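In: A predicted structure for the sequence below; I have some questions about it.
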Amino acid sequence: MFEILKSDTMGRYLTAVKLIKPGELIINEMPLVIGPPMHNSPFCLGCNQKVDFSSEQYRCPGCRWPLCGPDCKGINNEIGHSKQECSILTERNIINSIEKSHGNRLKAIHEVIFHLRCLYLKHSHKDKWEKLQALEAHNDLRKDIPMLWYRNQFRIVNQIREDWNITDFSEEEIHTVCGIIKVNCFGVGREGIRGRSLYPTTSLLAHDCSPNARIILDSNDYSVSVSASRDIKEGEIITISYVDIFMSTLQRRDELKNAKFFWCSCQRCSDPTEFDTFCNALRCPKCSKSSVLPTDPLDQKAPWRCTNCSHIMDADVVAAILVLLPEELGTFDINDVASHKKFIERYSKILGDNHYFLLSAKYAICQAKCSNSTPTSFLENKEKYCREILKVMELLVPGQSRVKGIIMFELYFTLMLLSAKKMQTDQITKKEFRNTMRNAIGLLEESEEILRWEPEGTASRKKAEEAKAILLQLKCDRP
Ligand SMILES: C[S@@+](CC[C@H](N)C(=O)[O-])C[C@H]1O[C@@H](n2cnc3c(N)ncnc32)[C@H](O)[C@@H]1O
């Protein structure tokens, strides 16, 4: 289905050797290694479930680390809390030092544990170690960033070699593992479970801000599956997005440079209008009629200009807006409709209609629970937001995506509630009602098709199960 090629700019990457259809599975694999998250609260070292330091919490009989329970599958397991890891933590009385620091050292210790799990593959699994070593570490590029290199020197290399007195691995080997984790690691998790993992083949996938493949990480067993989200032609590079697709070009490019060490120059990044979605656009503060867009989206410092009155905005001013607003958005609870609504009202004056921040707030509102008693005006607004998001998604990331599946599910419910209300009050005819319902069922079918691949137990998979049950019921009800 794919072959591994190499280029000077991208290193290794995967291309399709035949046409791959939407939904077709490209990769399904288990991780080389799993580690605890970069977090200051404790997680079970066996299965990465959230635990705590209370006296009721079960503890490892050896190292006293809090674990989810004696039956955790990850205890004494080489991909979880192995015997070797337990004796390393026991001999150094690590749990005591964490408790003395009131948990403040936990994030740093989690990091060391993950690096050690990678390093010990050298002794325990030569084949996995070779696959791990083959992953990109960008040592040369990272050495030129003193802040990053010396942080790793003090927090990982010295910690392992000097503080923990583990001298089986050279400084170079440890620095390489630091790079491999930074460039290739995936965060896996859902409510209550969080971990990080590295995969041998999935890690080779190239990035594109409008990817043609979809990645699903299963926090039940940490397996990963990659499937086509749209047609991938023979010879086409198979791509995923390393960053959140609801981010502006300035931010996506900055994040990719900082975390993955390259400046993205994909088609979406190169287009000031982002495929005519204007998701980047600010409202002109001078004429307020038109959009302010980057004059050169591939230059982070290039000025922004109004397409109507040519008013110029400095890139640093735009960058400041892009930093401040998500901070505010990030403080809202996902279910807090009122705050999201206020955000939209307030910032519609400075952001373009389709701006990511407005879309993110609308996305939160679209997921609000509705019932027969929900006011019609709210349902109408929700329908409008769902359609706006779907339109933008179709241009930005055409094909199957989780966001699209969720929005189609929400739109189905909204249309069902709205059209029932309208028919009861004679605002629409029976025929119009039937037509709307036919379209709504089409949305539900597509949503189920997209979300059925989501990992078991996740909110999106539950939506797929609900959709399936409704579709089955509708089939039974049909005369
Ligand atoms: C997760 S690795 C992918 C595999 C890597 N190419 C290799 O040879 O091991 C990420 C690295 O691939 C390269 N890369 C991926 N997508 C790229 C793109 N769109 N443009 C330039 N470099 C890219 C960058 O060097 C990045 O740090």
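Out: Cool, the structure landed. Numbers count the residues shown, from 1 in each chain.
In: So for whichever helix or strand Ser97 is part of, what gets flagged as buried?
Out: Under the criterion of DSSP states H and E, Ser97 resides in helix 94-100. Buried residues in helix 94-100, defined by neighbour count with 16 or more other CB atoms under 10 Å: Ile94, Ile95, Ile98. For the C-beta atoms, the positions are set from N, CA and C on the backbone; glycine is no exception.
In: would CSV of these with pLDDT be doable?
Out: Output for the buried residues of helix 94-100, formatted as CSV (pLDDT from 0 to 100):
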residue, pLDDT
Ile94, 92
Ile95, 90
Ile98, 85
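In: can you put those residues in CSV and add distance to Glu24?
Out: Shown next, in CSV, are those (distance: CB to CB, whole Å):
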residue, distance to Glu24
Ile94, 46
Ile95, 47
Ile98, 46
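In: Export the residues you listed as CSV, with columns for distance to the ligand.
Out: Formatted as CSV, these follow (distance: CB to the nearest ligand atom, whole Å):
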residue, distance to the ligand
Ile94, 31
Ile95, 34
Ile98, 31
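In: closest to Pro294 among those residues?
Out: For the buried residues of helix 94-100, the minimum distance to Pro294 (CB to CB) is 46.2 Å, reached by Ile98.
In: which residues does the closest one contact?
Out: Arg105, Leu106, Ile109 (CB atoms under 8 Å, 6 or more residues apart in numbering).
In: neighbour-wise, which of the residues you listed leads?
Out: Ile109 (22 neighbours; other CB atoms under 10 Å).
In: leaving aside the residues next to it on the chain, what's closest to the closest residue to the ligand within the stretch 51-200 of the chain?
Out: In the stretch 51-200 of the chain, the residue that lies nearest the ligand is Glu136 (3.5 Å; CB to the nearest ligand atom). Nearest residue to Glu136, sequence neighbours excluded (CB to CB, 6 or more residues apart in numbering): Val183, at 5.1 Å.
In: name the helices or strands packed onto the helix or strand containing the one you found?
Out: Element membership for Val183 (DSSP H and E) is helix 171-184. Under the contact criterion of 3 or more CB pairs under 8 Å, 6 or more residues apart in numbering; DSSP states H and E, helix 171-184 touches helix 106-119, helix 126-133, helix 139-143, helix 146-152, strand 193-198, helix 249-260.
In: redo that, cut-off 6 Å
Out: Contacts defined by 3 or more CB pairs under 6 Å, 6 or more residues apart in numbering; DSSP states H and E place helix 171-184 against helix 106-119.
In: got the CA positions of the helix it packs on in CSV?
Out: Extracted as CSV, the C-alpha positions of helix 106-119 are listed here (Å, rounded to 0.1, in the frame of the first residue of the first chain):
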residue,chain,number,x,y,z
LEU,A,106,6.9,14.6,39.4
LYS,A,107,6.9,16.0,35.9
ALA,A,108,10.7,15.9,35.8
ILE,A,109,10.7,12.3,37.1
HIS,A,110,8.0,11.2,34.6
GLU,A,111,10.3,12.6,31.9
VAL,A,112,13.3,10.6,33.2
ILE,A,113,11.3,7.4,33.5
PHE,A,114,10.1,7.7,29.8
HIS,A,115,13.7,8.3,28.6
LEU,A,116,15.0,5.3,30.6
ARG,A,117,12.2,3.1,29.2
CYS,A,118,13.5,4.0,25.7
LEU,A,119,17.2,3.6,26.7
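In: And the helices in the stretch 301-450 of the chain?
Out: 315-330, 337-347, 356-366, 376-396, 402-424, 430-451 (DSSP state H, counting those that start in this stretch).
In: any idea which of these is most buried?
Out: Highest mean neighbour count of those: helix 356-366, a mean of 23 (counted as mean count of other CB atoms under 10 Å).
In: rewinding a little: my read is that the residue of the stretch 51-200 of the chain closest to the ligand contacts Cys185, right?
Out: No - between Glu136 and Cys185 there is no contact under CB atoms under 6 Å: 11.7 Å.
In: out of these two, which sits in the more crowded spot?
Out: Comparing Glu136 with Cys185 by other CB under 10 Å, the one with more neighbours is Cys185, at 21 against 18.
In: Helix, strand or coil: sort out the residue nearest the centre of the chain for me.
Out: In the chain, the residue lying closest to the centroid (CA atoms, centre = their mean) is Asp244, at 5.8 Å. Reducing the assignment at Asp244 to three states with DSSP: H, G, I helix; E, B strand; the rest coil gives coil.
In: Can you name the residues that contact it?
Out: Going by CB atoms under 6 Å, 6 or more residues apart in numbering, Asp244 touches no other residue.
In: Please report how far it lies from the ligand.
Out: 16 Å (CB to the nearest ligand atom, to the nearest Å).
In: Could you give the backbone dihedrals for that residue?
Out: Reported as degrees, to the nearest 10, the phi and psi values for Asp244 are phi -60, psi 130.
In: Determine how far the last residue of stretch 203-222 lies from the first.
Out: Terminal residues of stretch 203-222 lie 14 Å apart, using CA to CA, to the nearest Å.
In: Any buried residues in that stretch, and which?
Out: Buried residues in stretch 203-222 (16+ other CB under 10 Å): 203-219, 222.
In: what does that stretch contact?
Out: Contacts for stretch 203-222 (CB under 6 Å, 6+ apart): 10, 12-14, 31, 34, 135, 184, 186, 188-190, 193, 197, 224-230, 232, 237-242, 252, 266, 268-269, 397, 453, 455-456.
In: per-domain residue ranges of the chain.
Out: Here the domain parsing of the chain from automatic domain parsing is 2-30+200-240, 33-198, 265-368, 371-479.
In: The residue of the chain most remote from its centre and the ligand: what is the separation?
Out: Most distant from the centre of the chain: Asp426, at 44.3 Å, with distances by CA atoms, centre = their mean. Asp426 sits 55 Å away from the ligand, taking CB to the nearest ligand atom as the criterion.
In: Check Tyr363 too.
Out: Separation of Tyr363 from the ligand (CB to the nearest ligand atom): 26 Å.
In: shaky segments in the stretch 351-479 of the chain?
Out: Counting by pLDDT under 70, the stretch 351-479 of the chain shows low-confidence ranges at 478-479.
In: Report the closest residue of it relative to the ligand.
Out: Val397 (15.2 Å).
In: Dihedrals phi and psi, that residue?
Out: Main-chain dihedrals, Val397, degrees, to the nearest 10: phi -130, psi 70.
In: Can you list the neighbours in contact with stretch 300-308?
Out: Stretch 300-308 is contacted by residues 284, 287, 289-292, 294-296, 312-313, 315, 318 when judged by CB under 6 Å, 6+ apart.
In: quick one: that stretch to chain centroid distance?
Out: Using CA atoms, centre = their mean, to the nearest Å, the mean C-alpha position of stretch 300-308 is found 29 Å from that of the whole chain.
In: Also stretch 150-162?
Out: 29 Å.
In: Begin at 432 from now on, thanks
Out: Sounds good: first residue 432 from here, last item stretch 581-593.
In: Next, the buried residues of that stretch.
Out: Across stretch 581-593, burial judged by 16+ other CB under 10 Å covers Asn583, Gln584, Arg586, Ile587, Val588, Gln590, Ile591, Arg592.
In: for the helix holding Val614, what is the average pLDDT?
Out: Across helix 602-615, pLDDT averages out at 98.
In: With that, I have no additional questions.
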